[in-house]
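Peer 1: let's see this in three dimensions:
(one chain, ligands or ions: 1)
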Amino acid sequence: MSDSCLTMTIQSFINVSPDSHFPIQNLPYGIFSPPTGGAPRVGVAIGDWVLDLARLQAAGLFAGMMVEPPDFATSSLNAFMDGGTAVWQATRQTVQTLLRRDNPTLRDDAQLRRQAFWPLADVTLHLPAQIGDYTDFYSSIEHASNVGRIFGRDVPLLENWRHLPVGYHGRASSVVNSGAPIHRPSGQWAPRGTAVPHFGPTQELDFELEMGFFIGPGNALGQPVPIAQAEAHIFGLALVNDWSARDIQRWEYRPLGPFLAKNFATSISPWVVPLAALAPFRVPGPAQEPSPLPYLQADWPGAFDIYLEVQLQTAVMHEPVTISHSNFRHLYWSMAQQLAHHTITGCNLRPGDLLASGTISGSTSDSCGSLLELAWNGSRPIVLPSGETRAFLQDGDRLTLTGWCQGDGYRVGFGAVTGVVVA
Ligand code: MN
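Peer 2: Predicted coordinates:
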């Protein structure tokens, strides 16, 4: 039975509220340690619980599958990601079946349930993968156009932009899990209107609302992935905040692009939502004009309807306020196009690599995916309910990205990625 047939009807014996991000239709994967201690292992989020897949595996519940998954008693999803669609499908179906309301295997085994379910609020979540390489794209036409306007270009989009997914190779070593503090970086920047560099803490710290996808099976060096096969290399998606120091970026980026302005931290959400869970939310992306070159042409809907939100809470605020909302479907270039483009030279992707979308902005002033755009390069600071204003982030600010797909009576959500700025 296909995933999309199941989604409307199935229910779990675990109670899940309609606004939970983690119903039985989702089943995102993550790496966690139980509250009682013990080594990190693979888990699946369901409602307010984490289901311990290593424990289920030890109980023999994955035995006899057509394609058996790798060892789940492990500290990263890389081996599972490497398994490919056959093992992902078989595992997802097994876990979904075990969680169904009408299946007694786990439901009626009180002892195994005690050993396999942990309260989500009590576990320690780790980075989901060992990320070998991280690439960041620039695939929102609204974002790229806003940046062009902010920097005074008559034609906001550069001439290459509609022909290829612009990107750069980022820094994988500083990808951190949600909750990690973000230390305000110091660097070289030239005060506005000058060409004389100054050294000190960035005065223009920003966030970028992005989503990223994890590579499943890689490709051999020298062998590009044809676009028709690109999605078979996509394991799943997470939220990404690509923290950026705009003053450092402005001074350093010509001619080779971002370097220190973005290498100090990139935060990701801990749960990876499998591509299969997003199938009911697949939609056509924006029309592409002019038509891209043949290696980038795809004739299926390659976008996904994922509602996204940015929340800010300053040190004096008692609760966060939503400062922007956007949607993943706005992206001009699809994940399949990004992946095909990335590998067209023969560049080899490896399991666990992270490819991020670039800042996801919508077409309205309240749907911008960065403060650079929301406050228009500092010229229109946003006003918060506390009376404070923000052109860029201040120490003590807590920034949270969240997002979900809205189904009929359920949500397939991504949880959240949070970071607090510290001096
Ligand atoms: Mn970015």
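Peer 1: number of nearby residues for the closest residue to residue 375 other than its chain neighbours?
Peer 2: Distances taken as Cβ to Cβ, 6 or more residues apart in numbering put residue 391 closest to residue 375, at 4.5 Å, once the chain neighbours are dropped. No exception for glycine: its C-beta is placed from N, CA and C like everyone else's. By the criterion of other Cβ atoms under 10 Å, residue 391 has 20 neighbours.
Peer 1: does residue 391 touch residue 371 like I think?
Peer 2: Yes. Assessed by Cβ atoms under 8 Å, residue 391 is found in contact with residue 371 at 6.9 Å.
Peer 1: need the residues touching each of those two.
Peer 2: Taking Cβ atoms under 8 Å, 6 or more residues apart in numbering as the criterion, residue 391 and residue 371 both touch residue 382.
Peer 1: how about the residues of the stretch 201-350 of the chain by the ion?
Peer 2: 208, 242 (Cβ under 5 Å from the ion).
Peer 1: single out the residue in the stretch 201-350 of the chain that lies closest to the ion.
Peer 2: In the stretch 201-350 of the chain, the residue that lies nearest the ion is residue 242 (3.5 Å; Cβ to the ion).
Peer 1: likewise the stretch 1-150 of the chain?
Peer 2: Closest point on the stretch 1-150 of the chain to the ion, by Cβ to the ion, is residue 136, at 4.5 Å.
Peer 1: and that residue, helix, strand or coil?
Peer 2: Following DSSP: H, G, I helix; E, B strand; the rest coil, the label given to residue 136 is strand.
Peer 1: what is the burial count for it?
Peer 2: A total of 26 residues lie near residue 136 under the criterion other Cβ under 10 Å.
Peer 1: same question, residue 290
Peer 2: A total of 7 residues lie near residue 290 under the criterion other Cβ under 10 Å.
Peer 1: can you tell me the closest non-neighbouring residue to it?
Peer 2: residue 162 (6.4 Å).
Peer 1: for the ion, see how far away the one you found is.
Peer 2: As judged by Cβ to the ion, to the nearest Å, residue 162 and the ion stand 19 Å apart.
Peer 1: hmm, residue 246 and residue 252 touching each other?
Peer 2: No. With contacts counted by Cβ under 8 Å, residue 252 stays clear of residue 246, the gap being 11.0 Å.
Peer 1: give the residues shared as contacts by these two.
Peer 2: With Cβ under 8 Å, 6+ apart, residue 252 and residue 246 have common neighbours residue 261.
Peer 1: just the buried positions in the longest helix along the chain, please.
Peer 2: If you go by DSSP state H, the chain has its longest helix at helix 85-99. Under the neighbour-count criterion of 16 or more other Cβ atoms under 10 Å, helix 85-99 has 85, 87-88, 90-96, 98-99 buried.
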